[in-house]
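>>> no sequence for this one, just the structure:
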C-alpha cells in the first residue's frame, strides 16, 4: 500500500510525500500508520478523523483534513491523504 499525503494552501500544492512499504496488517491500521508518518514528516499533530472523513475515505480512498480536524492552529487550507495503490 502506498499513501500520498499533500498539504494545500490557496489552491496550490505546498508539500507532499508518499508513504509506502507498510507492514502487512489490516487496511485501517496501515492507513493510520501512514497518516502518523505523514504528520511526523510534516511536523504536524495528527488530525482527528471526523465522520465525514471516514465516509469519504471509505467511498473514494481519499479525504481532506481541514482546520476543524486539528486541535492546534494550522497555516494551510487542508491536509489530503489518498491511497495510490493497495
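Received it, and whenever you're ready, just let me know what you need. What you are looking at is a predicted structure, and each value in this text was computed from that prediction instead of being measured. Numbers count the residues shown, from 1 in each chain.
>>> Show me what the longest helix along the chain packs onto, helices and strands only.
The residue-count maximum for a helix in the chain (DSSP state H) belongs to helix 27-42. Other elements packing on helix 27-42 under the criterion 3 or more CB pairs under 8 Å, 6 or more residues apart in numbering; DSSP states H and E are strand 2-9, strand 12-19, strand 78-85. In this view, the C-beta of every residue, glycine as well, is placed from N, C-alpha and C.
>>> for it, which positions count as buried?
By 16 or more other CB atoms under 10 Å, the buried positions in helix 27-42 come out as 30-31, 33-35, 37-39, 42.
>>> Name the next helix or strand downstream of it, please.
Downstream of helix 27-42, the first helix or strand assigned by DSSP states H and E is helix 51-60.
>>> what angle do that next one and helix 27-42 make?
Helix 51-60 and helix 27-42 are oriented at 110 degrees to each other (axes from the mean of the first three to the mean of the last three CA atoms, to 10 degrees).
>>> What lies in contact with helix 51-60?
31, 47, 62-65, 69, 81 (CB atoms under 8 Å, 6 or more residues apart in numbering).
>>> give me that answer again for 6 Å
Helix 51-60 has contacts (CB atoms under 6 Å, 6 or more residues apart in numbering) with residue 63.
>>> which of the residues in that helix are buried?
Result for helix 51-60 [16+ other CB under 10 Å]: buried residues 53, 57.
>>> Could you shift the numbering so residue one becomes 418, and keep it that way?
New numbering, starting at 418: the last item is helix 468-477.
>>> Distance from it to the middle of the chain?
Remark: helix 468-477 is offset 12 Å from the chain centroid, using CA atoms, centre = their mean, to the nearest Å.
>>> The helix or strand following it: partners in the sheet, and parallel or antiparallel?
Once the chain leaves helix 468-477, the next helix or strand it forms, by DSSP H and E, is strand 479-482. Partner strands and pairing direction for strand 479-482 (DSSP bridges) are strand 495-502 (antiparallel).
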